[in-house]
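Enquirer: Here's a sequence, model it:
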Amino acid sequence: MPVPVNDQAAPHLASSGPDPAPPAQHPAEAVLRSARAAEIDPRTLYLIAKLRQDVFSTEQQATDPDLDGRDLDPATVLVWIEMPGPAAAAAGLEREPIAHARVLQEADGALRIGRVAVASTHRRGGHGARLMRAALEIARELAPQAEVHLDAQAYLEGWYGRLGFETTGAMFMEAGIEHVPMVLRRT
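Expert: Numbers count the residues shown, from 1 in each chain. Model prediction:
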């Protein structure tokens, strides 16, 4: 069953801190979607994996594999924004993913957002903030009182802080990239 997301900014998330990007007018063709992996057209799932490969492996030269099996967990929800583009046309689709995140449920009941990626050609357009607001809305629907954790790339610590996350530990290396552990505590 697809997990619904509100395609608008969730009003109750506004209290978690100022938006890290000014409100942007998203083109009508920029569509926000969410689903579990088993519910996604295989062509779209492939394009999501390609987006992550392009960002993490090619651009950022991450040293660890991106595909870790967690996307296939029935509790994991993938969230993405898609727009018309050449990869979509080549795959026989109307739109292709340009931004992606996943929401994981941890064994201790906490939630985790990860694999946040925006295609380099679509950065600075508010897509990352829109994507994170949607991921946080899904997290709230899944477990209203649960903390939401993420391991932020260190250079984005302030950006996530403006979304209400707080740093909970020292910087560490993951996949050859500096990260910091962060949490959004529910009130």
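Enquirer: residues in contact with the residue most central in space within the chain?
Expert: Geometric centre of the chain, nearest residue: Ala101, 2.0 Å, by CA atoms, centre = their mean. Shown in contact with Ala101 (CB atoms under 8 Å, 6 or more residues apart in numbering): Leu78, Val79, Trp80, Ile113, Gly114, Arg115, Val116, Ala117, Leu131, Met132, Ala134, Ala135. For the C-beta atoms, the positions are set from N, CA and C on the backbone; glycine is no exception.
Enquirer: wouldn't the last one be in contact with Ile113 here?
Expert: Yep, that's Ala135 we're talking about. Yes. Under the criterion of CB atoms under 8 Å, Ala135 lies in contact with Ile113, with a separation of 5.0 Å.
Enquirer: which residues are in contact with both of these two?
Expert: With contacts defined as CB under 8 Å, 6+ apart, the residues shared by Ala135 and Ile113 are Ala101, Arg102, Val103.
Enquirer: Could you list every helix and strand in contact with the lengthiest helix in the chain?
Expert: Ranked by residue count under DSSP state H, the longest helix found in the chain is helix 127-142. In terms of contacts (3 or more CB pairs under 8 Å, 6 or more residues apart in numbering; DSSP states H and E), helix 127-142 is packed against strand 31-35, strand 77-83, strand 96-105, strand 111-118.
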